[in-house]
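Student: Coordinates for the following, if possible.
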Amino acid sequence: MSEPAETSVSAAPAPAGPAASEAPSSTAGSTGGRHGRRARARVLPPRRATAYTAAAGGLLLLALPFYLDRFWLQAGLLAMAAAIGAIGLNLLTGATGQLSLGHSFFLAVGAYGYCVLAGGRDGELTGLGLPGWLAVTGAVALAGLAGGLFSPIAGRLRGAYLGIATLALVFIGQHVLLNAHDLTGGYNGRPVPPLSLFGLTFDDTETVVAAVPFQSMEKLWYAGLVLLAVCAFFAHGVLRDRPGRALNAIRDHRIAAGVMGVPVARQRAGVFVLSSMYAGLAGVLLALVFQQTVPEYFGIVLALEYLAMIVIGGLGSVSGAVTGAVFVTLLPQILTRYSEALPLVSAPGTGGVAPGEMSRYLYGAAIVAIVLFLPGGLVRLAARRGHTQKDEA
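Tutor: Below you'll find the model as predicted:
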């Protein structure tokens with residue numbers, strides 16, 4: 001009994017040593033903690049940094065019509081329209097895993113649907129002369145109706161089978177566009193009536209704002225920004241909520257999703273209709289920008305370009321769809337604008353590589369590079385850079 005007592009007594013002073021030795025280290029730790037807090041204070045939280053970046057980008061986009069010429073405004077509007085259509089395709093292909101090669105068909109439905117609904121009867125061309133907002137709504141609804149008629153097939157097919165089935169829509173659409181002369185104007189297309197909304201006509205009639213004359217491109221710029229923001233916000237909400245989780249479950253494991261109670265066929269059909277409506281709205285905006293619809297534009301090449309947009313930008317991501325759309329749409333515009341100063345690129349018909357052909361070579365190479373080295377697309381590269389900066393901080 002005495003030995004344990006001695007052990008306890010001899011061990012009693014032991015805590016005093018560490019306590020004394022810990023005093024300087026605790027002071028150093030507090031100093032390091034203060035420096036750490038100061039260092040962390042200099043790094044914005046990710047959400048706040050994202051909000052500041054979005055606010056700065058929004059202000060920049062709002063100010064651009066005061067400084068850019070018509071060429072760049074038109075290029076930006078084409079990118080906005082492509083972004084709206086790419087968001088819809090990304091909901092179908094990126095989030096649900098449904099391959100579609102018929103996206104250009106639904107863009108044509110939206111574009112020509114607006115022309116028929118908003119235009120009046122002009123010679124052999126048929127038009128209903130509806131108000132602008134009603135014509136836009138009706139054109140988007142027509143695209144959704146076309147998607148709804150095809151949705152039973154989309155709900156039951158997947159992969160390459162659905163891709164081949166949707167490819168047939170493009171050929172059917174081209175046949176109708178070229179032969180329904182009273183609706184489409186045939187090979188030469190038909191003019192697009194300007195959009196009138198709340199007493200404002202989106203044509204080249206000048207509207208002076210802050211001593212700056214606003215014509216059709218400037219007016220459409222703000223309309224396009226509003227449409228793109230609404231479409232992106234809605235798609236982001238779909239992907240973040242229960243429908244998005246159900247779509248991802250269908251994409252990753254269809255049988256398991258069905259076992260968990262997800263109505264696979266109905267979800268596939270529903271997202272196909274939603275994607276078609278996005279494409280219809282993109283077609284309306286494209287028609288307003290071009291001011292003339294041409295059947296040749298809505299072919300298989302346009303459908304493949306939309307697939308390139310979502311692959312380059314990032315599958316299953318709203319920001320990826322926008323990024324890919326900007327890249328694929330602006331690249332040929334930039335090459336066309338600066339063809340004289342760029343090597344291997346020449347103006348169309350001069351014997352060299354045309355800007356359109358060069359742009360297809362470049363984003364074809366970009367697709368191969370992204371598939372091999374960056375499967376998540378350009379947005380994944382930006383996310384990696386953000387994580388690296390956060391770790392360094």
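
Student: Need the mean per-residue confidence for stretch 212-224.
Tutor: For stretch 212-224, mean pLDDT is 87.

Student: swap that for stretch 368-383, sorry
Tutor: Rounded mean pLDDT across stretch 368-383 is 81.

Student: Convert the C-alpha atoms of it to PDB, please.
Tutor: Taking Å, rounded to 0.1, in the frame of the first residue of the first chain, the C-alpha atoms of stretch 368-383 are listed here in PDB:
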ATOM      1  CA  VAL A 368     -11.100  16.400 -77.800                       C
ATOM      2  CA  ALA A 369      -8.800  18.200 -75.300                       C
ATOM      3  CA  ILE A 370     -11.600  18.600 -72.700                       C
ATOM      4  CA  VAL A 371     -12.800  15.000 -73.000                       C
ATOM      5  CA  LEU A 372      -9.200  13.800 -72.500                       C
ATOM      6  CA  PHE A 373      -7.900  16.200 -69.900                       C
ATOM      7  CA  LEU A 374     -10.800  18.100 -68.400                       C
ATOM      8  CA  PRO A 375     -14.000  16.100 -68.300                       C
ATOM      9  CA  GLY A 376     -15.800  18.700 -66.300                       C
ATOM     10  CA  GLY A 377     -15.500  21.400 -69.000                       C
ATOM     11  CA  LEU A 378     -14.200  24.900 -68.600                       C
ATOM     12  CA  VAL A 379     -16.300  25.600 -65.400                       C
ATOM     13  CA  ARG A 380     -14.400  22.700 -63.700                       C
ATOM     14  CA  LEU A 381     -11.100  24.500 -64.600                       C
ATOM     15  CA  ALA A 382     -12.400  27.700 -63.000                       C
ATOM     16  CA  ALA A 383     -13.600  25.700 -59.900                       C
END
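
Student: in that stretch, what counts as buried?
Tutor: Buried residues in stretch 368-383, counting neighbours by 16 or more other CB atoms under 10 Å, are found at 370, 374, 376, 377, 378, 379, 380. Quick note: C-beta positions are derived from backbone N, CA and C, even for glycine.

Student: If we ignore the residues flanking it in sequence, what's nearest the third one?
Tutor: Which is residue 376. residue 314 (5.5 Å; CB to CB, 6 or more residues apart in numbering).

Student: give me phi/psi at that neighbour?
Tutor: With angles defined as degrees, to the nearest 10, residue 314 sits at phi 140, psi 120.

Student: now residue 340
Tutor: phi -70, psi -30.

Student: And residue 292, by the same measure?
Tutor: When read as degrees, to the nearest 10, the backbone of residue 292 gives phi -160, psi 130.

Student: Quick one: neighbours of it, just the number.
Tutor: The number of residues packed near residue 292 is 13, by other CB atoms under 10 Å.

Student: re earlier: contact partners for the residue nearest to residue 376?
Tutor: Contacts of residue 314 were listed using CB atoms under 8 Å, 6 or more residues apart in numbering, and they are 94, 320, 321, 323, 324, 376, 377, 378, 379, 380.

Student: In helices, which of those residues fall?
Tutor: Judged by DSSP state H, the subset of the contacts of residue 314 located in helices is 320, 321, 323, 324, 378, 379, 380.

Student: Distance check, the second one against residue 340.
Tutor: It refers to residue 321. Remark: distance between residue 321 and residue 340 (CB to CB, to the nearest Å) = 32 Å.

Student: ok, now the third one?
Tutor: In this view, residue 323 and residue 340 are 28 Å apart by CB to CB.

Student: What of the last one?
Tutor: In this structure, residue 380 and residue 340 are 35 Å apart, going by CB to CB.

Student: Show me where the stretch 251-393 of the chain has its helices.
Tutor: Under the criterion DSSP state H, counting those that start in this stretch, the stretch 251-393 of the chain contains helices at 254-259, 264-290, 300-313, 318-337, 355-373, 378-392.

Student: Tell me which of these sits most buried.
Tutor: Comparing those by mean neighbour count (mean count of other CB atoms under 10 Å), helix 264-290 ranks first with a mean of 25.

Student: and that one, how far out from the chain's middle?
Tutor: Distance, stretch centre to chain centre, for helix 264-290: 12 Å (CA atoms, centre = their mean, to the nearest Å).

Student: And the average pLDDT for that helix is what?
Tutor: 93.

Student: which helices and strands does that helix pack with?
Tutor: helix 70-89, helix 103-118, helix 132-156, helix 216-240, helix 242-252, helix 254-259 (3 or more CB pairs under 8 Å, 6 or more residues apart in numbering; DSSP states H and E).

Student: For residue 212, give me phi and psi.
Tutor: Per-residue torsions, residue 212: phi -110, psi 120 (degrees, to the nearest 10).

Student: Now do the contacts for it.
Tutor: Contacts of residue 212 by CB under 8 Å, 6+ apart are 65, 66, 218.

Student: tally of neighbours for the nearest residue to the last one once chain neighbours are set aside?
Tutor: So that's residue 218. Spatial nearest neighbour of residue 218, excluding adjacent residues (CB to CB, 6+ apart): residue 65 at 4.3 Å. Residue 65 has 21 neighbouring residues, counting by other CB under 10 Å.
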